[in-house]
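*Asks:* Fold the following and give me the result.
(one chain, ligands or ions: 3)
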Amino acid sequence: MTDLSKIYKSNLSLLTDLYQITMAYGYWKNNKHEQEAVYELYFRKNPFGGGFSISAGLATVIDYLENWTFEAAEIKYLASLKNPSGSPMFEKGFLDYLEQMKFSCSVEGIPEGEIIFPFEPVLKVRGPLLQAQLIETPLLTLINFQTLIATKAARLKLATDGDTILEFGLRRAQGIDGGLSATRAAFVGGVDATSNVQAGMLFGIPVKGTHAHSWILSFDEEVEAFEAFAKAMPENTILLVDTYDTLEGVASAIETMKKLRSKNIPFHGIRLDSGDLAYLSIEARKMLDQAGFTATKIVASNDLDEYIIQSLKNSQNAKIDIWGVGTKLVTAYDQPALGGVYKLTNIKNQDGKWESKIKLSEQAIKVTTPGDHQIVRFYKNGKMRGDMVFDVHLGQDAEYFVDPTDVTRRKKIKIDWDEKLLLEPIFEKGKKVYQSPSLVEIRENTLQNMMTLDDSVKRFTHPHHYTVGLEPKLDEKKRQMIHTLRKH
Ligand SMILES: Nc1ncnc2c1ncn2[C@@H]1O[C@H](COP(=O)(O)OP(=O)(O)OP(=O)(O)O)[C@@H](O)[C@H]1O
Ligand SMILES: O=P(O)(O)OC[C@H]1O[C@H](OP(=O)(O)OP(=O)(O)O)[C@H](O)[C@@H]1O
Ligand SMILES: O=C(O)c1cccnc1
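*Replies:* Ligands and ions are numbered 1, 2, ... in the order given. Prediction:
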C-alpha cells in the first residue's frame with residue numbers, strides 16, 4: 001500500500017474541487033444526499049496516439065478512500081468559507097454531517113497493470129450520491145496521471161524490446177507528487193528501476209544509478225575521477241564518459257579499468273549522455289570488446305523517448321544495453337494529460353428502482369453509456385480478441401457485440417473463446433474487500449498482459465483498433481434513450 005497520509009502527512013479530504021462540496025451541500029439541502037447512485041470513471045482516447053493503455057493508480061485510490069474522513073481542521077476551514085454577502089457558505093448541520101460521515105460506497109475497479117481501452121469503466125462507484133460526488137476529483141487525479149505514465153512506460157518497454165530501463169525523471173517532474181506518482185506508475189508500466197530514492201523507500205521499487213558530470217568536474221583529470229569512483233563503488237562501476245570527448249572518455253575509462261583489473265574491480269558499464277548515440281555506442285562497443293570488456297554494458301541517456309529508442313535499436317543498430325529515461329517519461333511530454341472522466345450513469349429513484357442516466361452531446365464520442373456496467377474480455381489461445389461492455393441488470397447472454405460508433409460493425413463471440421471479467425470488487429459498502437498485489441507483482445502482470453495483446457495494436461503509428469463493443473441490449477437501450485431525449 002502506498003500510504004498517502006504518510007507521504008503528505010495530512011488529511012486529503014479537501015483535495016477536491018469546491019463545486020463537489022457545493023453540490024454535496026445542495027444534495028444535503030434537498031435531502032438527496034443518501035440517494036444511491038452509480039458513477040463510472042473512463043477515458044475516451046488512448047494517449048500518445050496509441051492503441052492501448054495500462055491501468056494504474058488503484059492502490060493509491062484504495063489508500064485515499066480508506067483514509068477519507070473530514071476531521072476538525074477540515075471542518076473548521078469549510079466553516080470559515082463565506083458567500084459574497086459575508087454569510088457562511090455552508091450550514092453547521094451539513095458540516096456536522098460531513099464530520100460524522102464514514103465512507104460507505106461500493107467500488108469496483110480494473111486491477112493495476114491491466115490493458116485498458118477507451119469507454120471501459122476503469123472504476124465504478126456505487127453509493128450515496130453525496131459521497132460518490134465528493135470523490136470524483138481525487139479519483140480522476142489519481143487514475144488519470146498514473147494511467148498516463150504507466151502507458152508511456154509500457155510503450156518505452158516495447159521500444160527497448162525488453163532491455164532494462166532506468167527511470168531518471170525526478171528532477172524534471174511536475175513537482176514532488178508528480179515525481180513520486182510518476183515513478184510508481186512508470187514501474188507499473190514496466191520500467192526496471194528508478195533513481196528516485198524516496199520512491200524506492202515508499203513503494204519498494206529497486207533504486208539504481210550512475211554518476212553525474214559534476215563528479216568528473218570535481219577532479220583535475222577525468223581518469224582520476226574514474227579511478228576514484230571505481231574504488232568507491234566497486235560494485236557499481238558505471239562511468240559517465242562524455243564530459244569532454246566521448247570516445248576519448250571511453251579510452252580513458254578502459255585504461256583505468258584495465259589497471260583496476262588486478263584489484264578485482266569489475267567494469268560494469270559506461271554511460272553516454274550526448275552526441276550521436278548510435279555512432280558512439282557502436283564505436284564504444286568495439287573499443288570495449290577489443291579491450292576484453294565484453295560484458296561491460298553501455299547505458300544511454302539524453303532526452304530519450306520511445307521513438308528515438310526504436311530508431312536507435314531497430315534502424316541504427318545502436319549497441320545500447322540499458323536506457324536511462326527521464327523528462328519524456330515522467331512528464332508524458334507529448335501528451336501531458338489523460339482526459340479521464342467520471343460520469344453518473346445510474347440512480348435509484350424514490351420507488352427503489354434503478355434508473356439509467358445518459359448525457360447527450362453533439363459529439364457522439366461524448367455521449368455517456370447509461371447503466372451499471374461490467375466488462376468481459378475474450379481470449380483465443382491466450383490472445384485478446386475483444387472486450388464487451390454490458391449492463392449487469394440486462395445481462396450478457398449475447399452472441400455478438402456491437403461497435404458503439406457503427407452499429408453495422410458487430411463481432412461474433414466464438415464458442416472456443418475464453419473470457420475474463422475485468423472489474424473486480426474493491427470496497428463493499430465502505431469495507432475494503434480487495435488486497436492489492438505488490439508493486440513487483442503488478443509490474444510482472446503488466447508484462448504478462450502485454451504479451452496477450454496483438455502486435456498490431458501495440459504499433460506506435462496507426463495502431464490497429466482493438467474492438468471494444470457494447471452488448472446488444474445495452475446498445476439498444478442507449479440508442480432508445482438518445483432518441484427519446486432528442487425528441488423531447
Ligand atoms: N542516433 C540518433 N538518432 C536519433 N536521435 C538521437 C541519436 N543520437 C542522439 N539522439 C537524440 O538527439 C537529441 C540530441 O540532443 P541535443 O541536440 O541536445 O544534443 P546533445 O548531444 O545533447 O548536445 P549537448 O552537447 O548540448 O549535450 C537527444 O534527444 C538524443 O536522445
Ligand atoms: O534526459 P532525460 O531523459 O531527462 O534524463 C535525465 C537527464 O538528467 C541528467 O542530466 P543533467 O544535465 O540534469 O545532469 P548531469 O550533469 O548528471 O548530466 C542525466 O544525465 C540525463 O541526461
Ligand atoms: O543515475 C544516473 O545516472 C542519473 C540519475 C538521475 C538523472 N540522470 C542520471
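
*Asks:* distance between stretch 393-402 and the chain's centre?
*Replies:* For stretch 393-402, the distance from its own C-alpha centre to the chain's C-alpha centre is 30 Å (C-alpha atoms, centre = their mean, to the nearest Å).

*Asks:* Residues in contact with it: which ones?
*Replies:* Contact with stretch 393-402 is made by 354, 371-372, 374, 376, 386, 388, 390, 409-413, 467, 469-475, 477, as judged by C-beta atoms under 8 Å, 6 or more residues apart in numbering. All C-beta atoms are positioned from the backbone trio N, CA, C, and that covers glycine.

*Asks:* Pick out the residue nearest the middle of this structure.
*Replies:* Thr147 (2.2 Å; C-alpha atoms, centre = their mean).

*Asks:* OK, contacts around the closest residue to ligand 2 within the chain?
*Replies:* Of all residues in the chain, Gly326 sits closest to ligand 2, at 2.8 Å by C-beta to the nearest ligand atom. Listed by C-beta under 8 Å, 6+ apart, the contact set of Gly326 reads Glu167, Phe168, Gly169, Leu170, Arg171, Arg172, Ser301.

*Asks:* do the same with Lys297
*Replies:* By C-beta under 8 Å, 6+ apart, the neighbours of Lys297 are Ile238, His268, Gly269, Ile270, Asp321, Ile322.

*Asks:* again, only using 10 Å
*Replies:* By C-beta atoms under 10 Å, 6 or more residues apart in numbering, the contact list for Lys297 reads 163-164, 238, 267-271, 288, 319-322.

*Asks:* Widest-spaced pair of those residues?
*Replies:* Across the contacts of Lys297, no pair lies farther apart than Asp163 and Phe267, at 19.3 Å, counting by C-beta to C-beta.

*Asks:* neighbour count winner among those two?
*Replies:* In this view Asp163 and Phe267 are compared by other C-beta atoms under 10 Å, and Phe267 has more residues nearby, 24 against 16.

*Asks:* quick one on the thing from earlier: need the contacts of Gly326 in JSON lines (columns: distance to ligand 2, neighbour count and pLDDT).
*Replies:* Shown next, in JSON lines, are those (distance: C-beta to the nearest ligand atom, whole Å; neighbours: other C-beta atoms under 10 Å; pLDDT from 0 to 100):
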{"residue": "Glu167", "distance to ligand 2": "9", "neighbour count": "29", "pLDDT": "98"}
{"residue": "Phe168", "distance to ligand 2": "4", "neighbour count": "23", "pLDDT": "98"}
{"residue": "Gly169", "distance to ligand 2": "6", "neighbour count": "25", "pLDDT": "98"}
{"residue": "Leu170", "distance to ligand 2": "9", "neighbour count": "20", "pLDDT": "98"}
{"residue": "Arg171", "distance to ligand 2": "6", "neighbour count": "11", "pLDDT": "98"}
{"residue": "Arg172", "distance to ligand 2": "5", "neighbour count": "17", "pLDDT": "98"}
{"residue": "Ser301", "distance to ligand 2": "4", "neighbour count": "21", "pLDDT": "98"}
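
*Asks:* Just those residues: which are in strands?
*Replies:* Secondary structure assignment by DSSP state E places Glu167 of these in strands.

*Asks:* Kindly reformat the contacts of Gly326 as JSON lines containing distance to ligand 3.
*Replies:* Output for these, formatted as JSON lines (distance: C-beta to the nearest ligand atom, whole Å):
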{"residue": "Glu167", "distance to ligand 3": "9"}
{"residue": "Phe168", "distance to ligand 3": "4"}
{"residue": "Gly169", "distance to ligand 3": "8"}
{"residue": "Leu170", "distance to ligand 3": "7"}
{"residue": "Arg171", "distance to ligand 3": "6"}
{"residue": "Arg172", "distance to ligand 3": "9"}
{"residue": "Ser301", "distance to ligand 3": "6"}
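
*Asks:* any idea which of the contacts of Gly326 is closest to ligand 1?
*Replies:* For these, the closest approach to ligand 1 (C-beta to the nearest ligand atom) belongs to Ser301, at 8.0 Å.

*Asks:* near ligand 2, from the contacts of Lys297?
*Replies:* Among the contacts of Lys297, no residue sits close to ligand 2 (C-beta under 6 Å from any ligand atom).

*Asks:* Between these, identify the one with the most neighbours.
*Replies:* In terms of neighbours by other C-beta under 10 Å, those top out with Ile270 at 31 neighbours.

*Asks:* dump the residue contacts of that residue.
*Replies:* 210, 226, 237-242, 246, 249-250, 253-254, 257, 280-281, 284-285, 287-288, 293, 296-300.

*Asks:* switch to 7 Å and redo it
*Replies:* For Ile270, the contact set (C-beta atoms under 7 Å, 6 or more residues apart in numbering) comprises Ile238, Leu239, Val241, Val250, Ala253, Ala284, Thr296, Ile298, Val299.

*Asks:* Next, count neighbours for the closest residue to it other than its chain neighbours.
*Replies:* Once flanking residues are discounted, Ile270 sits nearest to Val241: 4.8 Å by C-beta to C-beta, 6 or more residues apart in numbering. By other C-beta under 10 Å, the residues close to Val241 number 27.

*Asks:* Look up how far ligand 3 lies from Val241.
*Replies:* Between Val241 and ligand 3 the distance is 12 Å, computed by C-beta to the nearest ligand atom, to the nearest Å.
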